[in-house]
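Participant: Below is the sequence, then the predicted model.
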Amino acid sequence: MIHDELQDIMRRVFNNPDLAISDDMNADDVENWDSLTHINLVIEVEKHFETKFKNAEIARLQCIGDFKALIRKKRPELG
Amino acid sequence: MQSGLDTALSAHQQLYLNSWHFLAFALAAVLVMRLLRRGPARRLALLAFNLYFVYFFVSGWWSALFLVGCVLATWGVGELQARLEDRLPAVFPVLLAIAMWMGLFFIKDPQLLPVVNPFHYAPVRIVGISYIVFRCLQYMLDASVFESRGLLTLANFILFFPTLISGPIERYENFQAWHDDRAHVEDPSLLPALHRIANGMIKKFVLADNLMAWSVYEWRPGDPWAVPLLWLGVLLQLALLYLDFSGYCDIMIGIARLMRFKLCENFDRPWLAENIQDFWNRWHISLSRFIRDYVFTPLNVAILRRIPRRQQSPLVTLAYFFTMLLIALWHGTTWGFLLFGVCHGLALVLSQVLKTYGYARLSAPAQQLLVRGRPARVARAVLTYCFVSATMLFWHFGVRQSLVILVRMFGGS
């Protein structure tokens, strides 16, 4: 569930409807994933999952797996 | 040229990286750290080695006391953050970061705003203080997300001798994993680390030191240098600094590896950078990442969370510019560094504008020719190299003399 929703968000942020995400995917694997789009992604994820991340947590989001783990930590009911 | 080590040595003249003294010290540290794999003995031994090294880079008792105070204050604020985080005002980390930055500027330049600068009256002389302050700031701001915290680990993190005077700026958790010998050793053999040290020695002491004679640093006002020689000297600056600084990092990364620590990389073939953003992603990577994570990202998160969408763009542009200024001023609080920051800030904004609005509007063949094609990429890399190397004049010569050199390069007198 988190996987599919995160994939939809990423497809929207990176304007790539065919993007298929995996846990070890990071900025090197996605075109245009730079420091600013990374922040856009964080903000969209926060809005969608109705949560807020601390700066220290954002600084440690290196790959998709990190995003999923943080979402699970903030919203454990989503599994 | 001022690498961290050269600066350090001018302070004490006792611990040269290519001296028998340092070799014996590093060898002892490697042997002991390889023998003591776990437990308090390993941590205490590392602290002893770190303190021995620190001794050569701190001038006087006041500076030593200040350093001890830094470690204790970092630990105290970290505990405060971790235990009372939800009860502390949201503005606390912002004020803390501003105070640390101001403190750093005041320490680095005791003549800066002397009326309000406490270090004007009691100067602190610690080589590598810029890196020490960043490690302290990182720990203070992020203590709430660390799995465990400890004063001894923190002291070793702040004072770790391979990273003390010129980085790389390591992350606390990464350091902690190696410190406690919990991290996975990918390649336990010694040869790659020794190879790395040898490479660093060649870069720093053979190539950089011998090429120095051709650099513009030898130029003095009134010297009648021929124009081609001036071009060579100016364009050699970046290559020299790369050989010197990355050579130093290679040596320290290699020594740390022998001690069973894996440090982060600081360079990724910066001569391939095709624009200024790309350059700072490849050059002094740990500094760029630190500034990105602790300045650029929080600023932009605040902008994107709180400011209406149509007003965001100019503020994000300002954030890019401000970030670049801060990187420049971190190196030194002079007009020369400020101008260096302004040049790089403008170049960064320009590269973002081109990326967002310029390239995307070109037709596919035009994109191939001007953006993606190999000749265009090589041309951009050459231009980026020349731009960075030329703007480095401002570091060494200040604004006025740099302009004199630049005018002479183009045939002026």
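Facilitator: Great, that's in hand. Computed from a prediction, not measured in an experiment: that's the story for all the values here.

Participant: burial of residue B:369, as a residue count?
Facilitator: 13 (other Cβ atoms under 10 Å in any protein chain shown). The way it works is simple: take the backbone N, C-alpha and C, and place the C-beta from them, glycine included.

Participant: Am I right that it is in contact with residue B:379?
Facilitator: No: contact criterion Cβ atoms under 8 Å: residue B:369 and residue B:379 do not qualify, at 11.2 Å.

Participant: show me the contacts for residue 75.
Facilitator: This is for chain A. Applying Cβ atoms under 8 Å, 6 or more residues apart in numbering or on different chains, one finds that residue A:75 lies in contact with A:49-51.

Participant: that answer is for a different chain, and I need it for chain B
Facilitator: By Cβ under 8 Å, 6+ apart, the neighbours of residue B:75 are B:139, B:149, B:151, B:154.

Participant: what's the pLDDT at the last one?
Facilitator: The predicted structure scores residue B:154 at 97 on the pLDDT scale.

Participant: next one: the one 4 residues further on
Facilitator: Taken from the predicted model, the pLDDT recorded for residue B:158 is 97.

Participant: and the longest helix seen in chain B, what's its mean pLDDT?
Facilitator: Criterion DSSP state H: the longest helix present in chain B is helix B:227-258. Averaged across helix B:227-258, pLDDT comes to 95.

Participant: For that helix, buried residues please.
Facilitator: By neighbour count on 16 or more other Cβ atoms under 10 Å in any protein chain shown, the buried set for helix B:227-258 is B:230-231, B:233-258.

Participant: check whether the very next helix or strand once past that helix contacts chain A.
Facilitator: Toward the C-terminal end, the helix or strand that comes next after helix B:227-258 (DSSP states H and E) is helix B:276-282. Yes: legend: contact between helix B:276-282 and chain A by Cβ under 8 Å from any Cβ of the partner chain is shown at residue B:277.

Participant: and the next element down the chain from helix B:276-282?
Facilitator: Toward the C-terminus from helix B:276-282 - assigned by DSSP H and E - lies helix B:285-291.

Participant: Disregarding residues adjacent in the polypeptide, which is nearest to the residue in the stretch 151-300 of chain B that chain A sits nearest to?
Facilitator: Using Cβ to the nearest Cβ, the single residue of the stretch 151-300 of chain B nearest to chain A is residue B:293, 3.9 Å away. Leaving aside its sequence neighbours, residue B:293 sits nearest to residue A:59 (Cβ to Cβ, 6 or more residues apart in numbering or on different chains; 3.9 Å).

Participant: residues in contact with that neighbour?
Facilitator: Neighbours of residue A:59 in contact, by Cβ under 8 Å, 6+ apart: B:142, B:293-294, B:297.

Participant: So which of the residues you listed wins on neighbours?
Facilitator: residue B:142 leads these on contacts (other Cβ under 10 Å) with 24 neighbours.

Participant: what about residue 77, how many neighbours?
Facilitator: Using chain A here. 5.

Participant: um, chain B though
Facilitator: So residue B:77, with other Cβ under 10 Å, has 19 neighbours.

Participant: Please tell me how far the residue lying closest to it once chain neighbours are set aside sits from residue B:79.
Facilitator: In space, residue B:77 comes closest to residue B:140 once its chain neighbours are excluded; the distance is 4.5 Å by Cβ to Cβ, 6+ apart. Per Cβ to Cβ, to the nearest Å, residue B:140 is found 10 Å from residue B:79.

Participant: give the contact list for residue 34.
Facilitator: No chain in the question, so chain A it is. Counted by Cβ under 8 Å, 6+ apart, residue A:34 has contacts A:27, B:277.

Participant: Chain B is the one I meant
Facilitator: B:258-260.
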